[in-house]
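**Q** Pasting a predicted model and its sequence here:
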Amino acid sequence: MKLKSFAPFIVGLALLLTSCTGNDNKEILKLTNEKTLGIVKVNLDDIIQKLPKEKILADTVNKFSNSDKEFRLFVRADELGIDTDEPFYITTEAEKDKFITSYIFSLDDELLFLRKFKEIYATDLTIDYDKNLVYENKKAVGAFKDGIFVMSKKSIDPLTSRARQYDYYYDEYEEEDIFVSEAFYKNFFTRKALEDDAILETIDTALKEDTDASIWVNLHGIISNASKGYIETLAINKLLIGSGFGFNLNFGEGNIACKGESFFNEDMTKIVEKYYEDKDINYDIVDHVELDSANLFNIGYFSTDFVKYFIKEAGFEATANKFLESKDITLEDIFKTFNGQYAFVNYKETSLNKIAYDGISYDYKVPNSLLVLGVTKEKSQKVMNLLNEPFLNLGDNFYINDKVIAFSMVPNNFNLFKTNKKAKNTKLNKVTDVTSYSYGNSKEFNAALKSNLKNNIVEMISTSKIDDGNAVSEVNITFEKKDKNILHYMMGYE
């Protein structure tokens with residue numbers, strides 16, 4: 001049996017097999033290195049309590065095929081020899097043009113685990129305690145030391161190996177690339193760990209104890225990997241070193257809640273504080289925008305001075321100005337035109353009647369959205385005039401007044417601006433002290449999920465703000481039925 005054939009085992013573990021007692025991530029911190037791009041932690045105890053366990057275990061035909069039988073066994077993780085008092089982690093690290101994903105968990109009875117594994121896959125795994133390796137048919141497929149079990153696989157890095165998707169032999173290479181070397185497993189517990197105390201602290205903070213799932217993302221590592229190290233040659237690199245993001249997720253009765261936070265270094269937090277201090281949304285930007293009929297809308301603020309600073313630090317200012325030179329404008333012209341306030345609104349798809357090149361009139365389905373950008377009193381007339389240039393071909397798809405520039409494929413969306421009538425916007429909750437507010441009425445989402453999720457989404461609300469130089473966000477999805485945990489509906493048992 002090849003490692004690829006028990007991919008469902010790995011997926012099942014990724015979904016379920018984790019428990020945590022406090023933010024005790026000391027073991028994973030020892031196994032984190034400079035190549036680590038992200039870590040996932042899932043809380044088994046909470047998940048198991050929220051799942052429709054009895055229905056899953058009793059279900060043999062409706063929701064699970066015979067090939068999915070391991071999932072039912074994973075619901076009883078404590079019967080697999082897995083130590084559910086210890087955390088379960090999924091890590092991803094960069095390795096040349098590939099990613100290596102490792103599944104790390106603790107066993108309190110490895111013999112029981114190996115026996116259950118054989119029941120699932122009809123294959124033998126053996127542990128060489130002297131070499132700290134796990135073998136299948138004399139091939140190393142894992143590592144094991146001091147009760148910690150590791151299984152890993154390779155995958156193609158889509159950011160640095162995009163050409164592979166056009167390769168005729170891609171499937172053959174993919175099969176070959178899934179295996180990690182025996183040397184990787186042999187060195188797994190002894191390779192040099194990350195020593196940066198600040199980053200280790202943010203990882204420990206991001207991987208929460210009281211959430212169903214939590215994630216730490218190495219922002220600087222991902223950017224460096226995607227740019228093949230180019231970012232490290234730029235002055236802006238000093239602002240990104242050690243930076244990361246954390247996310248956590250909770251499934252409730254009739255709701256899903258997600259929270260996110262950034263972890264910037266000291267230099268970056270000072271810059272963010274400088275440009276975002278006392279800045280938030282000005283809801284006046286939607287005074288003439290109809291929100292009640294929208295499927296979703298986002299209102300927010302971004303610092304143009306912050307963007308300008310970043311472009312300069314990245315060394316792109318001269319290149320950008322050279323590009324704009326032919327239009328007789330500069331970056332400074334653009335930045336002094338916009339005040340950072342914006343709104344994006346998406347409505348139900350509509351049709352417009354237009355005359356085609358053959359002279360015949362057709363009804364075309366077009367995206368029905370509206371983008372509104374706030375402008376300053378010091379706006380550049382050169383930038384405003386640029387919108388009328390033929391090469392942009394905007395036609396009647398934009399509107400300008402003293403306060404905004406608006407863009408839409410549906411000109412009727414400008415009517416309230418043109419008539420100077422205010423929208424009622426009864427659905428708008430003017431949350432204060434935030435830099436972004438989003439609302440979704442879920443019509444399109446419910447239509448897409450109708451066949452799979454028999455519990456309608458009522459609304460989706462998200463907010464973000466800057467707190468002490470870091471970004472903090474919250475997303476809440478509310479469902480119609482609140483009698484049972486939303487996982488019951490997501491699994492299809494209600």
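**A** Structure received.

**Q** What about residue 365, how many residues nearby?
**A** As a burial measure, residue 365 scores 9 neighbours (other C-beta atoms under 10 Å). No exception for glycine: its C-beta is placed from N, CA and C like everyone else's.

**Q** Shouldn't it be within a strand?
**A** Yes. The assignment for residue 365 by DSSP: H, G, I helix; E, B strand; the rest coil puts it in a strand.

**Q** quick one: low-confidence parts of this structure?
**A** The chain contains residues with pLDDT under 70 at 1-23, 60-74, 157-177, 353-359, 448-452.

**Q** so the residue nearest the centre of it bridges to which residues?
**A** Centroid check for the chain by C-alpha atoms, centre = their mean gives residue 247 as the closest residue, at 8.5 Å. Beta-bridge pairing for residue 247 (DSSP bridges): residue 215, residue 260.

**Q** quick one: it and residue 264, what's the gap?
**A** For residue 247, the distance to residue 264 (C-beta to C-beta, to the nearest Å) stands at 16 Å.

**Q** go on, residue 331?
**A** To residue 264, residue 331 is 24 Å away according to C-beta to C-beta.

**Q** all helices for the stretch 101-250 of the chain, in order.
**A** In the stretch 101-250 of the chain, the segments counted as helices under DSSP state H, counting those that start in this stretch are 110-121, 170-177, 182-187, 197-206, 219-226, 237-240.

**Q** okay if I get these as CSV plus mean neighbour count?
**A** Formatted as CSV, the helices of the stretch 101-250 of the chain follow (neighbours: other C-beta atoms under 10 Å):
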stretch, mean neighbour count
helix 110-121, 16
helix 170-177, 12
helix 182-187, 16
helix 197-206, 17
helix 219-226, 19
helix 237-240, 18
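
**Q** Switch these over to a markdown table; also include distance to residue 282.
**A** Formatted as a markdown table, the helices of the stretch 101-250 of the chain follow (distance: least, C-beta to C-beta, whole Å):
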| stretch | distance to residue 282 |
| --- | --- |
| helix 110-121 | 58 |
| helix 170-177 | 50 |
| helix 182-187 | 53 |
| helix 197-206 | 32 |
| helix 219-226 | 29 |
| helix 237-240 | 27 |
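
**Q** of those helices, which approaches residue 99 most closely?
**A** Residue 99 sits nearest to helix 219-226 of all those, at 9.2 Å, using C-beta to C-beta.

**Q** Just give the number of residues close to residue 154.
**A** As a burial measure, residue 154 scores 20 neighbours (other C-beta under 10 Å).

**Q** for it, which residues make a bridge with it?
**A** Going by DSSP bridges, residue 154 forms beta bridges with residue 100.

**Q** Hmm, residue 98 and it touching each other?
**A** Yes. If you go by C-beta atoms under 8 Å, residue 154 and residue 98 touch, sitting 5.0 Å apart.

**Q** Please enumerate the strands of the stretch 251-400 of the chain.
**A** Applying DSSP state E, counting those that start in this stretch to the stretch 251-400 of the chain gives strands spanning 255-263, 296-301, 338-346, 350-355, 361-366, 369-375, 398-400.

**Q** Quick one, which of those strands gets closest to residue 199.
**A** Among the strands of the stretch 251-400 of the chain, the nearest to residue 199 by C-beta to C-beta is strand 255-263 (8.2 Å).

**Q** Pull out the buried positions in stretch 471-486.
**A** By neighbour count on 16 or more other C-beta atoms under 10 Å, the buried set for stretch 471-486 is 471, 472, 473, 475, 477, 478, 479, 485, 486.

**Q** So which of these are in strands?
**A** Under the assignment DSSP state E, the buried residues of stretch 471-486 contribute 471, 472, 473, 475, 477, 478, 479 to strands.

**Q** ok, the fourth one - contacts?
**A** Put plainly, it is residue 475. Listed by C-beta atoms under 8 Å, 6 or more residues apart in numbering, the contact set of residue 475 reads 257, 258, 259, 260, 460, 461, 462.

**Q** Check those against residue 227 and report the nearest one.
**A** Closest to residue 227, out of all of those and judged by C-beta to C-beta, is residue 260, at 23.3 Å.

**Q** roughly how far apart are the closest one and residue 473?
**A** Look at residue 260 and residue 473: by C-beta to C-beta, they are 4 Å apart.

**Q** what is in contact with those two at once?
**A** Common neighbours of residue 260 and residue 473 (C-beta under 8 Å, 6+ apart) are residue 464.

**Q** how about the helices in the stretch 351-494 of the chain?
**A** 381-386, 415-419, 443-449, 486-490.

**Q** isn't residue 470 right up against residue 260?
**A** No. Residue 470 is not in contact with residue 260 according to C-beta under 8 Å; the separation is 10.3 Å.

**Q** so which of the strands of the stretch 251-400 of the chain gets nearest residue 54?
**A** The nearest among these, by C-beta to C-beta, is strand 255-263 at 22.7 Å.

**Q** Counting by contacts, list what the closest one packs against.
**A** With contacts defined as 3 or more C-beta pairs under 8 Å, 6 or more residues apart in numbering; DSSP states H and E, strand 255-263 has these neighbours: helix 197-206, strand 244-252, strand 470-479.

**Q** which of the residues in it are buried?
**A** 255, 256, 257, 258, 259, 260, 261, 262, 263.

**Q** Could I get these in CSV, plus columns for distance to residue 52?
**A** Below are the buried residues of strand 255-263 laid out as CSV (distance: C-beta to C-beta, whole Å):
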residue, distance to residue 52
255, 17
256, 16
257, 20
258, 22
259, 26
260, 28
261, 32
262, 36
263, 36
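
**Q** tell me which of those residues is nearest to residue 186?
**A** Among the buried residues of strand 255-263, residue 263 lies closest to residue 186 (C-beta to C-beta), at 32.4 Å.

**Q** any idea how far residue 250 is from the closest one?
**A** For residue 263, the distance to residue 250 equals 20 Å [C-beta to C-beta].

**Q** Residue 195: how many residues sit nearby?
**A** Residue 195 is flanked by 9 other residues according to other C-beta under 10 Å.

**Q** same deal with residue 426?
**A** 8.

**Q** which residues does it contact?
**A** Residue 426 makes contacts with residue 292, as judged by C-beta under 8 Å, 6+ apart.

**Q** Could I get the phi/psi values of it?
**A** Here is the backbone geometry of residue 426 (degrees, to the nearest 10): phi -70, psi -20.

**Q** What separation do you get for it and residue 438?
**A** Taken as C-beta to C-beta, the span from residue 426 to residue 438 is 17 Å.

**Q** What sits closest to residue 363 if chain neighbours are left out?
**A** Nearest non-adjacent residue to residue 363, counting by C-beta to C-beta, 6 or more residues apart in numbering: residue 351, 4.5 Å away.

**Q** quick one on the thing from earlier: out of the buried residues of strand 255-263, who's nearest residue 382?
**A** The closest of the buried residues of strand 255-263 to residue 382 turns out to be residue 262 (C-beta to C-beta; 35.4 Å).

**Q** Does residue 82 touch residue 113 like I think?
**A** Yes. When contacts are counted by C-beta under 8 Å, residue 82 is listed as touching residue 113 (6.5 Å).

**Q** Name the residues contacting each of these two.
**A** By C-beta under 8 Å, 6+ apart, the residues touching both residue 82 and residue 113 are residue 107.

**Q** and the helices of the stretch 351-494 of the chain as TSV, adding distance to residue 222?
**A** Output for the helices of the stretch 351-494 of the chain, formatted as TSV (distance: least, C-beta to C-beta, whole Å):
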stretch	distance to residue 222
helix 381-386	33
helix 415-419	40
helix 443-449	28
helix 486-490	28
